[in-house]
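**Q** Need the 3D shape of this:
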Amino acid sequence: MRTDPGGRAADAPAVSIPRIRPVGSGKVARRVRWHEMLCQFVPQRRNYPAPRRFPVCRRRTTRTHGFMLYVIALICAGCIAGGGYLVVQVLRRIALGVRARRWPQAIGQLVSVEDKTSSNGETQEILVRYAYRVGSRNHEGHIIHPCYSGGPRFGTSHENLKALLRPGLRVRVSFQSEQPDRSMISTGFYSSTAIALFVGVDLVAIGSFFPLTFWFHSVSGSTWGYGLGAPWIVLFGLMLFGSDDFASGITVIPGPAAPLE
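**A** Predicted coordinates:
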């Protein structure tokens, strides 16, 4: 076989090898050459226009997500508002019952005692009316304790009040010095009232969990779990103190019943 001076067969067909045209020197030139080499083998990617139905679906999905966010926001706001209102009301009643321990006292007499039961028989409540004298004026009250409202959760207290209270019984009445008409016959803190407080804090925690999670998305779920569980543990501890019996806060004055002058 004949060969030419370049070491190639003389009768072999000539093959043209594409060569990259040098463009300058340095990093830019090398990047350009590599780009031209890769573009010879990698097919070009063409961006065809999307069908018309895709933008419509995207708009519907966006509207659906926005509607759901509004619904979730309204539910969270309702939970926070309702739970906050319940917490404030319960705390005010608890504070009023505790402050009544330092109020002036007078001797009163029960005028009427009524055992009220709901139509379905699930809730019971004791309704009282008592009269007492402050100075030279007679007053009348009807509050046993600010936190007492009957219901199934006060079953034991209902039975004790029913057994203790009767018309003509003389009891000690605590009244507010600025407003003598504002009075009660049972004072102090009772652990059963913490149940409503627990419900209010639970609603506030549920309503604030989702907004705070979206706002502070970097906080782990365990941290939020500890933060939301701490108030429940504290309230459960409060339920272990005090008495569940409102009748224990009523002081009975011995002696025969006498009409007020």
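
**Q** Show me what Asp115 bridges to in the sheet.
**A** Counting by DSSP bridges, Asp115 forms beta bridges with Ile126.

**Q** What is the burial count for it?
**A** 13 (other C-beta atoms under 10 Å). The way it works is simple: take the backbone N, C-alpha and C, and place the C-beta from them, glycine included.

**Q** The one 3 residues further on too?
**A** Around Ser118 there are 12 other residues, counting by other C-beta under 10 Å.

**Q** pLDDT score for the residue lying closest to it once chain neighbours are set aside?
**A** Nearest residue to Ser118 in three dimensions, chain neighbours excluded: Gln124, at 7.5 Å (C-beta to C-beta, 6 or more residues apart in numbering). Here, the pLDDT recorded for Gln124 equals 78.

**Q** mind listing the helices for the stretch 51-200 of the chain?
**A** 53-99, 155-164, 194-215 (DSSP state H, counting those that start in this stretch).

**Q** thinking again about what came up before, the residue nearest to Ser118 and Asp115 touch, don't they?
**A** Yes: contact status for Gln124 versus Asp115: in contact at 7.0 Å, counting by C-beta atoms under 8 Å.

**Q** gap between Ala106 and Gly200?
**A** 34 Å (C-beta to C-beta, to the nearest Å).

**Q** ok, the two, which is more surrounded?
**A** Gly200 (21 against 16).

**Q** quick one: that one from Ser208, how far?
**A** In terms of C-beta to C-beta, Gly200 sits 13 Å off from Ser208.

**Q** Quick check: Arg170 touching Gln109?
**A** Yes: at 5.3 Å, Arg170 counts as touching Gln109 under the criterion of C-beta under 8 Å.
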